[in-house]
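In: here is my input; please provide its structure:
(one chain, ligands or ions: 1)
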Amino acid sequence: MITVNSSPTHNVNWKLADDLSVRVDIKRDDLLHPVISGNKWRKLKYLMEDARKKGSLELLSMGGNWSNHLHALAFAGNSMGFKTRAFVRAHPGQELTPTLLDCKEWGMALEFTDRKTYAELRNRIRWNAFSCEYPESYWLSEGGFSPLAIQGVEDIKSEVALDYDYIFVGCGSGATVCGLTRAFPQSRVVGVAAFSGAEYLRGDLSTLLGEQVNNWVIDTEHHCGGFAKSTPDLEQLIQSIQQENTFELDAVYNGKVFLALQHWLQQRKLLAGSKVLVIHTGGLQGRRKG
Ligand SMILES: Cc1ncc(COP(=O)(O)O)c(C=O)c1O
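Out: You can find the predicted model right below:
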């Protein structure tokens, strides 16, 4: 059994926002669970329930060296009595990152794949995509992207009391943006892409959400050079936000969300009196050095 903590919402101390009379709050999903934190439990909970219902014994997925998704999946699978296995985009001979060491310790079998094979795995969508190779397995696509993951994120709506004009969140597969878009039809959801070349998400998510649903945007300007890349501006902003507040930020997702928000504020894209909610999606485990 996995029990999660509550995720409080509080104000962010940020002079820039105060000076512009924009209220910025943060919803602390990073506090939901020490390991399955942020959007991870929201995305995994119905998928794991479904795997159980289907009688699957092994959860199978894919990710990189520092994958928050694999890290959460390994822990959650282990706690709930599933075997876990992951295709990892890395060299077999490489030293394991702290993320993968944890995964291994929690019983996850790791299979290393080259970039080409990894890219092909993205074509596997259905839950039983690996039933030939791994009987009784349940496949979760990259980042857990699936209708059930989106539904899990959508549940957040009962936890947010105020009507926010904007909801800012980090974006990888886009599942979290989709869930938030459905949960908060009156707000504009801004998904800040953590990687370069994310423009394709606009088409993919529009197909999934329906063209008439337009309360969301993907900000593709703040990936800082690519996935897990950083810049001095990003590092400096993370430091200054952390100094004034009680939460921490990772540079891969949540730091970039604040960077995007900073620019939106500086460019006066947010009117005085606007209310903004940032969803802290966790990911702090990735800050450990290899
Ligand atoms: C910490 C963190 N924030 C945000 C995201 C983006 O979530 P999604 O893949 O649903 O877009 C991820 C990836 O799963 C993540 O690990």
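
In: list the contacts for the closest residue to the ligand within the chain?
Out: Scanning the chain for proximity to the ligand using C-beta to the nearest ligand atom identifies Gly283 as nearest, at 2.7 Å. For glycine as for every other residue, the C-beta is placed from the backbone atoms N, C-alpha and C. Neighbour list for Gly283: 30, 37-38, 68, 170, 250, 252-254 [criterion: C-beta atoms under 8 Å, 6 or more residues apart in numbering].

In: just put the residues you listed in CSV and tack on distance to Leu20, secondary structure and neighbour count.
Out: Written out in CSV, the entries for those read as follows (distance: C-beta to C-beta, whole Å; DSSP: H, G, I helix; E, B strand; the rest coil; neighbours: other C-beta atoms under 10 Å):
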residue, distance to Leu20, secondary structure, neighbour count
Asp30, 26, helix, 23
Ser37, 30, coil, 25
Gly38, 27, coil, 29
Asn68, 32, helix, 27
Gly170, 23, strand, 27
Asp250, 26, coil, 24
Val252, 27, coil, 23
Tyr253, 24, coil, 26
Asn254, 21, helix, 29
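
In: how much space between the residue of the chain closest to the ligand and Thr220?
Out: Distance, Gly283 to Thr220, by C-beta to C-beta, to the nearest Å: 19 Å.

In: before we move on, what about Val22?
Out: From Val22 across to Thr220, the span is 22 Å (C-beta to C-beta).

In: quick one, which of the two is more surrounded?
Out: The residue with more neighbours, out of Val22 and Thr220 and counting by other C-beta atoms under 10 Å, is Val22; that gives 22 against 19.

In: surely the more buried one touches Val276?
Out: Yes: with contacts counted by C-beta atoms under 8 Å, Val22 reaches Val276, the gap being 6.2 Å.

In: enumerate the residues of the stretch 151-290 of the chain near the ligand.
Out: 170-177, 253, 281-283 (C-beta under 6 Å from any ligand atom).

In: in strands, which of those appear?
Out: Using DSSP state E, the members of those that fall within strands are 170-171.

In: any chance you could map the strands in the chain?
Out: Along the chain, the segments classed as strands by DSSP E run 9-11, 23-27, 58-63, 83-89, 108-113, 137-139, 166-171, 188-193, 216-219, 275-279.

In: do you know how far the residue nearest to Leu16 when sequence neighbours are not counted is from Gly64?
Out: What sits nearest to Leu16 in space, not counting adjacent residues and going by C-beta to C-beta, 6 or more residues apart in numbering, is Leu265, at 5.5 Å. Here the criterion is C-beta to C-beta. By it, Leu265 lies 31 Å from Gly64.

In: circling back: what pLDDT does the residue nearest to Leu16 get?
Out: What the model reports as pLDDT for Leu265 is 98.

In: from Ser274, how far out is it?
Out: Separation of Leu265 from Ser274 (C-beta to C-beta): 10 Å.

In: so what's in contact with the two at the same time?
Out: Shared contacts of Leu265 and Ser274 (C-beta under 8 Å, 6+ apart): Val22.

In: okay but Ser230 is in contact with Cys224, surely?
Out: Yes: using C-beta under 8 Å as the test, Ser230 is close enough to Cys224 to be in contact (5.6 Å).

In: okay, and the common contacts of the two?
Out: With contacts defined as C-beta under 8 Å, 6+ apart, the residues adjacent to both Ser230 and Cys224 are Ala251.

In: more crowded one of the two?
Out: When neighbours are counted by other C-beta under 10 Å, Cys224 comes out ahead of the other of Ser230 and Cys224, with 22 against 16.

In: tell me the contacts of the more buried one?
Out: Neighbours of Cys224 in contact, by C-beta under 8 Å, 6+ apart: 230-231, 233-234, 251, 256, 259.

In: now distance to Tyr200 too, for these, in a markdown table please.
Out: Output for the contacts of Cys224, formatted as a markdown table (distance: C-beta to C-beta, whole Å):
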| residue | distance to Tyr200 |
| --- | --- |
| Ser230 | 23 |
| Thr231 | 23 |
| Asp233 | 26 |
| Leu234 | 23 |
| Ala251 | 23 |
| Lys256 | 18 |
| Leu259 | 22 |
